[in-house]
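Q: Provided below are the primary sequence and the corresponding predicted coordinates.
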Amino acid sequence: MAMTPIARDLLQSFPGLRTSADDADRVAYARDLWPRHLMAVRAGQPAEHRPGAIVWPTSTEQVASLVRWAARRGVALVPFGGGSGVCAGVLPRDGVVVVDLKRLDRVRSLDAGAPLVQVEAGHMGVPLEQTLVRSRLTLGHFPSSILCSTVGGWVATRSAGQCSGAYGKIEDMVVALECVTGQGDVVTLRRRTSAPDLVPIVVGSEGTLAVVTSATLRLHPAPVARGFGAWSFPTTPHGWLATRAIFQAGLRPAVARLYDPFDAVLAKHGGGRKKSRNRSGAPGLGGAALRALLRHPRKLNHLLQSDLFMRAVGGAMLILIFEARDATTAEHDLREAGRLTAASRGTWLGAAPARDWLEHRYSVSYGQAPLFATGIFVDTMEVATKWSTVGAVYDAVRKALGPSALVMAHFSHAYPDGCCIYFSFAGSADPALAGKLGWDRACEATYDRAWKDALSAAIRAGGTLAHHHGVGRSKSRSLPAELGAGVDVMRALMRAFDPVGILNPGNLVPPGSANAAPPSNLAATADETESTEAVLIDHESLLARIDGTTDLAAAERVLNQHNLTLDVRPPSPSPNLAQWLAAGATGARDHWLDPVDQLVAGLDARLTDGRRIHLRPVPRRAVGPDLTALFVGAHGRFGQVERAWLRVHRRGVVRPTSAPFDHERDPAPNAGEDALLDAIARTLSNPSSRTGWS
């Protein structure tokens, strides 16, 4: 076997640890599935970033020993699950050790009464669901990558499954995490409300704070009945108005997918499932035709957005799938959804499109590589936004991508306050660049320009960079435009969890000084900053921005004038908003009752050292740690909320309730959590840069 110095050191230090420095393994673990890598493969470029070694630990204790060894030597570690990420979250280099966690794959416990499962991070998605179904349970988490992704990967990237409309995202399922910090300490983090909760900090941290070794996850009874339905709409906006009405009425379809007209055509005719094969192995007439078609994407996009095309293909399409414990409930919810779609000019298409989608829902995930072989590029971009800005974000991203690629979109995840827009785009080399740079380099340049323009457009229009794919390295340079000083807070969290800077350095946050000034003109959109009202209501999104000094009872009176309510029972005397959130939002509805909903959609806060951070109101961002956890339930330890966007509810609308969940809601922090909280407090007051390489 080939041997690198780092592999030799590992074998001497850990005789029982499976270790490899084989060239084939080093290439296989050199990157994830970021589509830009496929262009390099097509161009015949070998993987430039290759780890020094790969290891396969089998226990938490082995992981902890390995991290302590790495911290002493200053060796960087990259946690690895299934390698299915699409944002360059895995990009090691010589001297770095990739830690493949798939041998940590046990189901440690399954409590059908709670119901809860404790499962190790390396467990793959499909086998986990098969285990749960035997006990008539489900996690409800079905990402498109379920065949090739792990529990640890879901947690690391703040993953969303295709049934998020009923069960929420992975952050709504995590009850506790066992993880190993950058110092090699094994810590169990648990969800709570009236004391600081570190679980939202590690979920979405993409391997930069700790190595997650197991997760305790909330389960649901497996559905025994489903209701299927599909509707067409004259335009895409008609479709998202219907989707918004469904979720704000308290309905929770497990699957709610709205396709714009062109994407609807593909969905109706099999999407990526029905492909002809090019047996030559090289771009032929099909490849040439595709490249020719994509030479002028702006004109093509204009045609596909025209009224004539929309009328010709039948407009947008919404598919819904309800899951229930009895057929009566599933059919009732489907009828109610149909009644709401009628108000948006929805036309019933029957159950077949939804049934067909469910049967083939994973097929399209494996269609990219053959398309790259034709000489083009394809990719997807998932952003989230509130309902009041969904049109602006949809139009802005389409306009930004239009000059570089053919664009289509569907709305893959919906919530009462907003949704995820999932853009798919395909392009080719800009002809003007191809003559100067060559085909492959011109493709890369066109691809990079498309992404840069699209991310900037999404942020300016009020969206978030990612809803469920994460940030990785591919989007990290755009992160300051969304989070501003929040990026420095993320660096501080990295120093607290990983003082030496050995855990996946270079990932998630952009390189550069921790004190670099963010482009503050992008940090907040106009609707978030202009008004100075104590209570500002976004009626479309059912959100209210409330000033931190506003008495909660006074805010409720303002909302009642608009037939809205916070639906909380605050303590007496009524605290102001900042005090209430700092204490853990006493009297708010148990968040486990409706995992699809959220209490705080965004906030402005001042840290204890005077710095301000702005978290724009969006549903379920996936841009690193959830920084709201530093303020909600933290009793002012890290800073104070100045104003917050909260979910409000129409009076008289019955809020949905999921299956019972029996688990301690507010456990006391343990010694490991207390130590981390102390470290976070220290690093937030010391703005020095992280010590690891980037």
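A: Yep, it's here.

Q: Residue 156 and residue 206 touch, don't they?
A: Yes. Contact criterion CB atoms under 8 Å: residue 156 and residue 206 qualify, at 5.2 Å. The C-beta positions use only the backbone N, C-alpha and C, and glycine is treated the same way.

Q: which residues are common contacts for those two?
A: With contacts defined as CB atoms under 8 Å, 6 or more residues apart in numbering, the residues adjacent to both residue 156 and residue 206 are 89, 470.

Q: tell me the secondary structure for the nearest residue to residue 358 once chain neighbours are set aside?
A: Sequence neighbours aside, residue 321 is the residue nearest to residue 358 in space, at 6.3 Å (criterion: CB to CB, 6 or more residues apart in numbering). Of the three states, residue 321 takes strand under DSSP: H, G, I helix; E, B strand; the rest coil.

Q: Who are the contact partners of residue 321?
A: Taking CB under 8 Å, 6+ apart as the definition of contact, the neighbours of residue 321 are 163, 226, 227, 228, 253, 254, 255, 354, 357, 358.

Q: pLDDT score assigned to it?
A: Looking at residue 321, its pLDDT reads 98.

Q: likewise the one 10 residues further on?
A: The model reports residue 331 with a pLDDT of 96.

Q: Against residue 172, how distant is residue 659?
A: As for residue 659, its distance to residue 172 is 13 Å (criterion: CB to CB, to the nearest Å).

Q: of the two, who's got more company?
A: Just comparing residue 659 and residue 172: by other CB atoms under 10 Å the higher neighbour count belongs to residue 172, 23 against 13.

Q: What sits closest to that one if chain neighbours are left out?
A: Leaving aside its sequence neighbours, residue 172 is closest to residue 595 (3.8 Å, by CB to CB, 6+ apart).

Q: Just to check, the one you found is in contact with residue 173?
A: Yes. With contacts defined as CB under 8 Å, residue 595 counts as touching residue 173 at a distance of 7.3 Å.

Q: ok now do the nearest residue to residue 341 once chain neighbours are set aside, which residues does it touch?
A: Among residues not flanking residue 341 along the chain, residue 242 sits closest, at 4.4 Å (CB to CB, 6+ apart). The neighbours of residue 242, taking CB under 8 Å, 6+ apart as the test, are 231, 233, 318, 340, 341, 343, 344, 346.

Q: Now do the strands for the stretch 51-200 of the chain: every range, in order, please.
A: Using DSSP state E, counting those that start in this stretch, the strands of the stretch 51-200 of the chain run over 53-56, 77-80, 97-100, 107-111, 116-120, 137-138, 174-181, 186-190.

Q: Please identify every residue contacting each of residue 595 and residue 173.
A: Residues within reach of residue 595 and of residue 173 at once, by CB under 8 Å, 6+ apart, are 167, 218.

Q: okay, the two: which has more neighbours?
A: residue 173 (25 against 22).

Q: Quick check: phi and psi on that one?
A: phi -110, psi -20 (degrees, to the nearest 10).

Q: Repeat that for residue 629.
A: When read as degrees, to the nearest 10, the backbone of residue 629 gives phi -70, psi -20.

Q: if I look at the closest residue in space to it that isn't next to it in sequence, how far off is residue 641?
A: In space, not counting the residues next to it along the chain, residue 629 is nearest to residue 200; the distance is 4.1 Å by CB to CB, 6+ apart. To residue 641, residue 200 is 15 Å away according to CB to CB.

Q: same deal with residue 62?
A: With distances taken as CB to CB, residue 62 is found 41 Å from residue 641.

Q: With residue 117 instead?
A: Taking CB to CB as the measure, residue 117 falls 34 Å from residue 641.

Q: Can you tell me the SS state at residue 229?
A: Secondary structure for residue 229, judged by three-state DSSP, is strand.

Q: That one against residue 339, yeah?
A: No. At 11.5 Å, residue 229 and residue 339 do not qualify as touching, with contact defined as CB under 8 Å.

Q: Between the two, tell me which one has more neighbours.
A: residue 229 (26 against 13).

Q: so who does the more buried one touch?
A: If you count contacts by CB under 8 Å, 6+ apart, then residue 229 has 319, 320, 334, 337, 338, 348, 350, 351, 354 around it.

Q: Restricted to helices, list those.
A: The helices in this structure, assigned by DSSP state H, contain 334, 337, 338, 354 from the contacts of residue 229.

Q: Now, of the residues you listed, which are buried?
A: Burial by neighbour count, judged by 16 or more other CB atoms under 10 Å, picks out 334, 337, 338, 354 from the ones in helices among the contacts of residue 229.

Q: okay but the third one is in contact with residue 230, surely?
A: No. Residue 338 is not in contact with residue 230 according to CB under 8 Å; the separation is 10.4 Å.

Q: okay, and the common contacts of the two?
A: residue 348.

Q: rewinding a little: which residues does the residue nearest to residue 629 contact?
A: When the contact criterion is CB under 8 Å, 6+ apart, the partners of residue 200 are 171, 625, 626, 628, 629.

Q: Pick out whichever of those sits closest to residue 663.
A: When the contacts of residue 200 are compared for distance to residue 663 (CB to CB), residue 171 wins out at 15.8 Å.

Q: tally of neighbours for the residue lying closest to the closest one once chain neighbours are set aside?
A: Excluding its sequence neighbours, the residue lying closest to residue 171 (CB to CB, 6+ apart) is residue 203, at 4.9 Å. Using other CB under 10 Å, residue 203 has 29 other residues around it.

Q: Quick one: the helices in the stretch 151-300 of the chain, in order.
A: 151-157, 164-167, 199-202, 236-248, 261-268, 285-293, 297-304 (DSSP state H, counting those that start in this stretch).

Q: Out of those, which gets nearest to residue 58?
A: helix 151-157 (14.3 Å).
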